[in-house]
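# Everything below, folded, please.
(one chain, ligands or ions: 2)
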Amino acid sequence: MNALAATNRNFRHAARILGLDSKLEKSLLIPFREIKVECTIPKDDGTLVSYVGFRVQHDNARGPMKGGIRYHPEVDPDEVNALAQLMTWKTAVADIPYGGAKGGIGCNPRDLSVSELERLTRVFTQKIHDLIGIHRDVPAPDMGTNAQTMAWILDEYSKFHGHSPAVVTGKPIDLGGSLGREAATGLGVVFATEAVLAEYGKSIADIKFAIQGFGNVGSWATKFIHDRGGKVIAISDITGAVKNPNGIDIPALLKHKEDTKSLKGFQGGDIMDPNDLLVHECDVLIPCALGGVLNRENAPDVKAKFVIEAANHPTDPEADEILSKKGVVVLPDIYANAGGVTVSYFEWVQNIQGFMWEEKKVNCELKRYMTRAFHDIKAMCKIHDCNLRMGAFTLGVNRVARATLLRGWEA
Ligand SMILES: NC(=O)C1=CN([C@@H]2O[C@H](COP(=O)(O)OP(=O)(O)OC[C@H]3O[C@@H](n4cnc5c(N)ncnc54)[C@H](O)[C@@H]3O)[C@@H](O)[C@H]2O)C=CC1
Ligand SMILES: O=C(O)CCC(=O)C(=O)O
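Ligands and ions are numbered 1, 2, ... in the order given. Below is the predicted model:
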């Protein structure tokens, strides 16, 4: 099932549980604005090449729209739409004053030089600069983008609108980025994992983890799990996968990644088929890469007792049903990976105030927001007798619906 069909299905299920008026339901599903732009740049060899860029602004009832920009060959309008909608529910679950948006360019950043990436980012920004803004739509990093990408957007946007650090989050610290933002999604994933494990009388120490993806989210989540005594026994990225039943040496792996930029060539374990990672024997599985990786084909073989969705929409609805029947606890993306956008909110607040927080304060506030959201979700699960995904969806959708009604949407 494609990402948009899957996201719409989860939304409709939540709307039914909440008994939403059918007109309001329809209006919440339709994106506010969908932008598609052609970005033509000269390659380093002088030839011209074009890439298609998207920004979908889904909803702004609760505040400026917020969400990352992804550079990946599989970026398409349906996926960006689904990701934008998920941002709307995610910011509401985290109870931060934003709506939802997402952007992307269909390209393989690994095939582009740094100067080509810079030109592409600047052209994309030139095409969307009048539709984003501090109180309108605030981009951030996602797959294939990083703090440097945000620095280029900030610089290009500022040429049109004057110096505007709060127009993007996830920036370098030197340009007004927040301490703790780079690690925030991974740290939030670990706070979320601790919250759900505690419900079952367990803690991270000595639990066995399998992790798909070793980029920003996967590598920070791995580090924080290791710091808490968890055993990461299998891990993969686009270049391959490695396993070690006694626990991978995480400091050595992080050093290898820093030196070589990938897992390839790491000697501290046995090489495994990356496709087997999702069905590897473990207690907790954390997908930290692409969407739709858990589907009806592999879900029956999942061995983990907990799936923590650090990636966006890693589980399609058919897999969700299969996992639920097997008794696997799935912690949904719109909560599990909300740590990134939560610290993006702190960064935006710091930029607007012109005041920088200490990292300790950022991380303490992040923990407070993640813990509060978990309890809010659990309360919805209790009221509606539903699983954690529907607990999170009903929480987010209900908050957005209330804001929409208060603003007077039918006039
Ligand atoms: N960066 C952020 O703050 C946030 C990211 N997310 C989500 O987390 C996921 C990962 O994002 P980032 O870590 O930022 O991206 P990234 O670009 O830093 O890293 C992606 C990782 O996934 C790996 N990967 C790609 N294809 C793979 C495959 N077929 N099998 C195994 N590994 C594969 C890459 O090698 C890389 O290690 C995405 O779904 C993203 O939407 C969610 C919330 C916030
Ligand atoms: O930090 C942000 O604004 C958004 C991060 C993001 O794209 C996500 O949570 O999926």
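# Please make it C-alpha for all contacts and neighbour counts, starting now.
Fine.
# burial count for Met272?
16 (other CA atoms under 10 Å).
# surely it meets Lys243?
Yes - Met272 is in contact with Lys243 according to CA atoms under 8 Å; the separation is 6.5 Å.
# which stretches of this structure form helices?
3-18, 22-29, 77-93, 114-128, 147-161, 181-199, 216-227, 250-260, 317-326, 333-336, 339-353, 359-384, 388-407 (DSSP state H).
# Relative to ligand 2, which of those is closest?
Judged by CA to the nearest ligand atom, the one of the helices of the chain that comes nearest to ligand 2 is helix 339-353, at 3.5 Å.
# Alpha carbons only: can I get the closest one in CSV?
Taking Å, rounded to 0.1, in the frame of the first residue of the first chain, the C-alpha atoms of helix 339-353 are listed here in CSV:
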residue,chain,number,x,y,z
GLY,A,339,11.9,14.4,19.4
GLY,A,340,13.4,16.0,16.3
VAL,A,341,10.5,18.4,15.6
THR,A,342,10.2,19.1,19.4
VAL,A,343,13.8,20.3,19.6
SER,A,344,13.2,22.1,16.3
TYR,A,345,10.5,24.0,18.1
PHE,A,346,12.9,24.8,20.9
GLU,A,347,15.4,26.1,18.3
TRP,A,348,12.7,28.3,16.7
VAL,A,349,11.8,29.7,20.1
GLN,A,350,15.4,30.5,20.9
ASN,A,351,15.9,32.2,17.5
ILE,A,352,12.7,34.3,18.1
GLN,A,353,13.8,35.2,21.6
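# hmm, that helix touching ligand 1?
Yes - using CA under 6 Å from any ligand atom, helix 339-353 comes into contact with ligand 1 via Gly340.
# can you check stretch 1-19 too?
No - applying CA under 6 Å from any ligand atom, one finds stretch 1-19 separated from ligand 1 by no less than 11.8 Å.
# what residue ranges in the chain score low on pLDDT?
The chain contains residues with pLDDT under 70 at 411.
# got a markdown table for the helices of the chain, with distance to ligand 2 and mean neighbour count too?
As requested, those are arranged in a markdown table below (distance: least, CA to the nearest ligand atom, whole Å; neighbours: other CA atoms under 10 Å):
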| stretch | distance to ligand 2 | mean neighbour count |
| --- | --- | --- |
| helix 3-18 | 14 | 18 |
| helix 22-29 | 18 | 15 |
| helix 77-93 | 6 | 26 |
| helix 114-128 | 16 | 19 |
| helix 147-161 | 11 | 19 |
| helix 181-199 | 8 | 23 |
| helix 216-227 | 11 | 22 |
| helix 250-260 | 23 | 15 |
| helix 317-326 | 19 | 18 |
| helix 333-336 | 8 | 26 |
| helix 339-353 | 3 | 23 |
| helix 359-384 | 13 | 17 |
| helix 388-407 | 14 | 21 |
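# For Arg70, find the nearest of those helices.
Set against Arg70 and scored by CA to CA, the helices of the chain come closest in helix 77-93, at 8.9 Å.
# How far does the closest one sit from its chain's centre?
10 Å (CA atoms, centre = their mean, to the nearest Å).
# contacting residues for Pro300?
Counting by CA atoms under 8 Å, 6 or more residues apart in numbering, Pro300 touches 319, 322-323.
# CA atoms only: put stretch 90-97 into CSV for me.
This file holds the C-alpha atoms of stretch 90-97, laid out as CSV (Å, rounded to 0.1, in the frame of the first residue of the first chain):
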residue,chain,number,x,y,z
LYS,A,90,3.0,14.6,15.0
THR,A,91,3.2,18.3,16.0
ALA,A,92,-0.2,17.9,17.6
VAL,A,93,0.8,14.7,19.5
ALA,A,94,3.9,16.5,20.8
ASP,A,95,1.6,19.5,21.6
ILE,A,96,3.9,22.1,20.0
PRO,A,97,2.3,25.1,18.2
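# Briefly note if it comes near ligand 1.
No - Stretch 90-97 is not in contact with ligand 1 by CA under 6 Å from any ligand atom; minimum separation 9.6 Å.
# how close does the most far-flung residue of the chain relative to its centre get to ligand 1?
Distance from the C-alpha centroid of the chain, by CA atoms, centre = their mean, peaks at Gly46 (35.2 Å). Separation of Gly46 from ligand 1 (CA to the nearest ligand atom, to the nearest Å): 27 Å.
# which residues sit in contact with that residue?
No contacts exist for Gly46 under CA under 8 Å, 6+ apart.
# quick one: which of the contacts of Pro300 is nearest Val190?
Nearest to Val190 among the contacts of Pro300, with distances taken as CA to CA, is Leu323, at 21.3 Å.
# my guess is that closest one contacts Ala299, does it?
Yes - using CA under 8 Å, Leu323 is in contact with Ala299, at 6.3 Å.
# What residues does the stretch 1-150 of the chain have near ligand 1?
Applying CA under 6 Å from any ligand atom, one finds that the stretch 1-150 of the chain approaches ligand 1 through 141-144.
# at 5 Å instead, please
Contacts of the stretch 1-150 of the chain with ligand 1, taken as CA under 5 Å from any ligand atom, map to 142-144.
# repeat for the stretch 251-400 of the chain
Counting by CA under 5 Å from any ligand atom, the stretch 251-400 of the chain comes close to ligand 1 at 288-290, 311-312, 337, 340.
# Now for those residues: which two are most distant?
Leu290 and Gly340 (16.5 Å).
# May I have the distance across stretch 322-334, first residue to last?
20 Å (CA to CA, to the nearest Å).
# Residues contacting it, please?
86-87, 89-90, 93, 196, 296, 299-300, 302, 304-313, 320, 388-389, 392-393.
# for Trp152, what are its contacts?
For Trp152, the contacting residues are 118, 121-122, by CA under 8 Å, 6+ apart.
# so where's the longest strand in the chain?
For the chain, the strand that runs over the most residues, judged by DSSP state E, is strand 48-59.
# CA atoms only for that one, dumped as CSV, please.
C-alpha atoms of strand 48-59 as CSV (Å, rounded to 0.1, in the frame of the first residue of the first chain):
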residue,chain,number,x,y,z
LEU,A,48,22.5,21.0,-17.3
VAL,A,49,20.3,18.7,-15.2
SER,A,50,16.8,19.0,-13.8
TYR,A,51,15.3,17.7,-10.6
VAL,A,52,11.7,17.9,-9.4
GLY,A,53,11.2,19.4,-5.9
PHE,A,54,8.1,19.4,-3.8
ARG,A,55,6.8,21.1,-0.7
VAL,A,56,3.4,20.0,0.6
GLN,A,57,1.9,22.3,3.3
HIS,A,58,-0.8,20.1,4.9
ASP,A,59,-2.4,22.1,7.7
